[in-house]
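K.L.:
the sequence and its predicted three-dimensional model are supplied below.
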Amino acid sequence: MGYKEVYQGWQADPDGFWMEAAKAIEWDKMPSKALFDENAPLYEWFSDGMVNTCWNAVDRHVENGRGDQAAIIHDSPITGRKQVITYAELKDRVSRVAGGLAARGIVKGDRVIIYMPMVPEALIAMLAVTRIGAIHSVVFGGFAAHELAVRIDDAGPKAIIAASAGIEPNRVVPYKPLLDSAIEQAKVKPELCVILQREEKPAEMTAGRDVDWAEIEASEPVDCLPVEGNHPVYILYTSGTTGQPKGVIRHTGGHLVALNWTMKNIYNVDPGDVFWAASDVGWVVGHSYICYAPLIHGNTTIVFEGKPVGTPDAGTFWRVISEHGVKSFFTAPTAFRAVKREDPKGEFVKKHDLSCLKQVYLAGERADPDTIVWAQDHLKVPVIDHWWQTETGYAIAANPVGIELLPVKLGSPSVPMPGYDVHILDEGGHEVAAGQLGAIAIKLPLPPGTLPNLWNAEARFRKSYLNTFPGYYETGDAGYKDEDGYLYIMARTDDVINVAGHRLSTGSMEEVLASHPDVAECAVIGVSDDLKGQLPLGFLCLNAGSERDHKEVVAECVKLVRDQIGPVAAFKAAVVVDRLPKTRSGKILRGTMVSIADGKEFKMPATIDDPAILDEIREALEELGYARS
């Protein structure tokens, strides 16, 4: 069957489609049906089944004779360490850590915060928590103490598992002082802190509360505890969080079924293949595609402690892929843009045998066509843009390579996946014509594995996602569908700008700017204008080694936008900057840039990678006459 037949099969019988997919999971008690809609619009999936995530991700592969297969490959160019953990070794380590937590009073339903860098122990901790029916909340390692404290108070953890430090390319980040400060600030006080000591920066332990990871892992092993299909696996706070956090929850049954389905159908890997998502366990990509999906499906997953450039160079991705035999590779467009900026001619690609690599996937930010073309030209494999969110946990729209490789349309993440009935709506909630920009909304119910609710915040869940378009989930993204049903994600709804009554997508302007041969990366924001309401303003980062005059490049970029989008865009101003402000997951902080340009107060984003960049942006804006307070 091709994509159309599979999608239509889901449309014709959603319950049958997902019950069939559920057969790939080992249940202690098979659910009686897929969808439970008694509390609509708070839908649930597989609620009356009994199942355990850790069993499906670890134990069953050992039981089925795959114990000697590599489960996790840890590759850390920063420390120079490499390690392979088989499924049998993973089962032993996870069951012992789970035993250590259980022996110290952690039971089903308790929350455990995990605050760790990219080390195998982060995955072991996640799996150990799910083994005993507890609920984990991974907080990005090195997150500021105040932000960690806010999450401690919201999740109410009985325990926190942390590392003593994270190792960055040019520095060691001590986590323990941040953790101690967060606990001091938080109203909720965890009873137990488990600390993984890293030799680069061992931590001082707090007597009576802190326990060494090695002591926990030396405990007696425990078995998996089956939980209900609607029991939460984890809470994950959205990366754009400011103020009161939004804790996305994931139910056990749907999480297992949906993620397992994606590995073959979207990512085209079979059990035993090596899969690498170059992200961090602190983000949703790390949850779904470093830890859970590859292990549930019986793949080998890579835990990479490094950066796309500088550890040691722009060829580190290709070394890892070649050395470990990666078949499917998943990263963010921003990572490829960083590599392309350092190595525009792809010289590093030629140094490695990449014959193992069959397909590349991009997500996290809009993948500009220029970056996709660069990757296709040098890697000689399909480069697939796909679109999803922290809230959904996996792809809303993708090119389902394992079912059928559809024609790639540059700038589009292709088509909706089974489970997602995607509509483009105007402000009144009415469907718009093909090619017309609107709000992207998904008809309820959302498929299994997506968020059923927010942690302890049902009213906020309804207000954030369900109230704007009754009967639909509001994605917060704007875009359009073409005549073939391909989706185009053009901007966050907030980034659609209104220039003299014309609704324009900043994404389409960025697409044009990125096509300029000297531009490595760019962003467009809408700044306030007394006459036209808003005007677009471009930020350009040039390729490494570019010696072009900045004014010439800006003039050429302004002409490009005028030629390709037209005078209606009113694109007249751009500035060259060294770098763009981003979150640690690679998202450009356009909203913060708008606030600076318009002279408005703003809260420093909790997830910002380097706050110093904002000063550089302010200076660039002041030169153009913006950033007036």
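P.N.:
Now that the structure is in, tell me what you want to look at.
K.L.:
the helix or strand of the chain with the lowest mean pLDDT pairs with which strands, parallel or anti?
P.N.:
For the chain, counting by mean pLDDT, DSSP states H and E, strand 502-505 ranks last in confidence among helices and strands (a mean of 72). Applying DSSP bridges, strand 502-505 is found paired with strand 496-499 (antiparallel).
K.L.:
go ahead and name everything in contact with the strand it pairs with.
P.N.:
Residues outside strand 496-499 that contact it (CB atoms under 8 Å, 6 or more residues apart in numbering): 437, 478, 490, 503-506, 526, 532-536, 568-570. Any C-beta I mention is one placed from the backbone N, CA and C, and that applies to glycine too.
K.L.:
what about those residues, which are in strands?
P.N.:
Among the contacts of strand 496-499, the ones falling in strands (DSSP state E) are 478, 490, 503-505, 526, 533-536.
K.L.:
which one of those residues is nearest residue 269?
P.N.:
Set against residue 269, the nearest of the ones in strands among the contacts of strand 496-499 by CB to CB is residue 490 (30.4 Å).
K.L.:
which parts of the stretch 401-550 of the chain are strands?
P.N.:
For the stretch 401-550 of the chain, applying DSSP state E, counting those that start in this stretch gives strands covering 415-416, 422-425, 438-443, 472-481, 487-492, 496-499, 502-505, 519-529, 533-542.
K.L.:
report the angle between the last one and strand 519-529.
P.N.:
I take that to be strand 533-542. On the basis of axes from the mean of the first three to the mean of the last three CA atoms, to 10 degrees, strand 533-542 is oriented at 160 degrees to strand 519-529.
K.L.:
which element follows strand 533-542 toward the C-terminus?
P.N.:
Heading C-terminal from strand 533-542, the first helix or strand you meet, by DSSP states H and E, is helix 550-564.
K.L.:
may I have the next helix or strand along the chain from that next one as PDB, with CA atoms only?
P.N.:
Using DSSP H and E, the helix or strand that follows helix 550-564 in sequence is strand 573-576. Provided in PDB are the C-alpha atoms of strand 573-576 (Å, rounded to 0.1, in the frame of the first residue of the first chain):
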ATOM      1  CA  ALA A 573      15.800  46.900   5.600                       C
ATOM      2  CA  ALA A 574      18.300  44.200   6.600                       C
ATOM      3  CA  VAL A 575      21.400  44.100   8.700                       C
ATOM      4  CA  VAL A 576      24.400  41.700   8.800                       C
END
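K.L.:
check which residues of strand 573-576 are buried.
P.N.:
By neighbour count with 16 or more other CB atoms under 10 Å, strand 573-576 contains the buried residues 574-576.
K.L.:
same check on stretch 492-504?
P.N.:
Buried residues in stretch 492-504, defined by neighbour count with 16+ other CB under 10 Å: 492, 495-497, 499, 504.
K.L.:
check what pLDDT residue 58 gets.
P.N.:
If you check residue 58, the pLDDT there is 98.
K.L.:
can you give me the domain boundaries for this structure?
P.N.:
Using automatic domain parsing, the domain parsing of the chain gives 87-225, 502-623.
K.L.:
quick one: end-to-end distance for the longest one.
P.N.:
Counting by CA to CA, to the nearest Å, you get 19 Å between the two ends of domain 87-225.
K.L.:
cool, the shortest one as well?
P.N.:
End-to-end distance for domain 502-623, by CA to CA: 27 Å.
K.L.:
show me which of the buried residues of strand 573-576 is closest to residue 80.
P.N.:
residue 576 (36.5 Å).
K.L.:
tell me what the closest one is bridged to.
P.N.:
residue 540.
K.L.:
surely it meets residue 549?
P.N.:
No - using CB atoms under 8 Å, residue 576 is not in contact with residue 549, being 9.8 Å away.
K.L.:
quick revisit: identify the residues contacting the least confident helix or strand of the chain?
P.N.:
By CB under 8 Å, 6+ apart, the surrounding residues in contact with strand 502-505 are 437, 478-479, 490-491, 495-498, 536, 565, 568-569.
K.L.:
can you tell me how far residue 280 is from residue 287?
P.N.:
Here the criterion is CB to CB, to the nearest Å. By it, residue 280 lies 10 Å from residue 287.
K.L.:
I misspoke; the intended subject was residue 572.
P.N.:
Counting by CB to CB - residue 572 and residue 287 are separated by 43 Å.
K.L.:
counting neighbours, go ahead and name the busier of these two.
P.N.:
The neighbour comparison of residue 572 against residue 287 (other CB atoms under 10 Å) goes to residue 287, with 26 against 14.
K.L.:
report the contact partners of the more buried one.
P.N.:
Taking CB under 8 Å, 6+ apart, we find residue 287 in contact with 126, 138, 234, 236, 250, 281, 393.
K.L.:
for it, helix, strand, or coil?
P.N.:
Assigned by DSSP: H, G, I helix; E, B strand; the rest coil, the conformation of residue 287 is helix.
K.L.:
so where is the stretch 351-500 of the chain shaky, pLDDT-wise?
P.N.:
Residues of the stretch 351-500 of the chain that meet the criterion pLDDT under 70 lie in 494.
K.L.:
got the angle between the strand or helix carrying residue 378 and strand 519-529?
P.N.:
If you go by DSSP H and E, residue 378 is part of helix 369-379. In terms of direction (the same axes, to 10 degrees), helix 369-379 departs from strand 519-529 by 170 degrees.
K.L.:
and stretch 184-196, end to end?
P.N.:
Stretch 184-196 has an end-to-end distance of 20 Å (CA to CA).
K.L.:
and residue 331, how far is that from residue 46?
P.N.:
Distance from residue 331 to residue 46, counting by CB to CB: 31 Å.
K.L.:
hmm, I was thinking of residue 191
P.N.:
32 Å.
K.L.:
give me the more crowded residue out of those two.
P.N.:
residue 46 (30 against 14).
K.L.:
correct me, but that one touches residue 15?
P.N.:
No - contact between residue 46 and residue 15 fails when scored by CB under 8 Å: they sit 10.7 Å apart.
K.L.:
who touches both of these two?
P.N.:
Residues within reach of residue 46 and of residue 15 at once, by CB under 8 Å, 6+ apart, are residue 34.
K.L.:
surely residue 235 and residue 245 touch.
P.N.:
No - between residue 235 and residue 245 there is no contact under CB under 8 Å: 9.4 Å.
K.L.:
now render the ones in strands among the contacts of strand 496-499 as TSV, adding distance to residue 153.
P.N.:
Putting those into TSV (distance: CB to CB, whole Å) gives the following:
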residue	distance to residue 153
478	34
490	37
503	40
504	41
505	38
526	35
533	40
534	37
535	41
536	40
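K.L.:
so how do I select the buried members of the residues you listed in PyMOL?
P.N.:
Selection of buried members from the ones in strands among the contacts of strand 496-499 for PyMOL, criterion 16+ other CB under 10 Å:
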select buried, resi 478+490+504+505+526+534+535+536
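K.L.:
closest one of the ones in strands among the contacts of strand 496-499 to residue 615?
P.N.:
When those are compared for distance to residue 615 (CB to CB), residue 526 wins out at 21.8 Å.
K.L.:
which non-adjacent residue is nearest the closest one?
P.N.:
Closest residue to residue 526 apart from its sequence neighbours, by CB to CB, 6 or more residues apart in numbering: residue 497 at 3.2 Å.
K.L.:
so residue 298: helix, strand or coil?
P.N.:
From three-state DSSP, the assignment for residue 298 is coil.
K.L.:
numbering from 49 from now on, please.
P.N.:
Got it, the first residue is 49 from now on, which makes the last one we talked about residue 346.
K.L.:
neighbours of the closest residue in space to it that isn't next to it in sequence, just the number please.
P.N.:
The shortest distance from residue 346 to any non-neighbouring residue, by CB to CB, 6+ apart, is to residue 319 (3.3 Å). Neighbour count of residue 319, defined by other CB under 10 Å: 15.
K.L.:
may I have the secondary structure class of residue 319?
P.N.:
Per three-state DSSP, the local secondary structure of residue 319 is coil.
K.L.:
can you list the weak-confidence ranges in this protein?
P.N.:
In the chain, residues with pLDDT under 70: 287-291, 542, 549, 551, 676-677.
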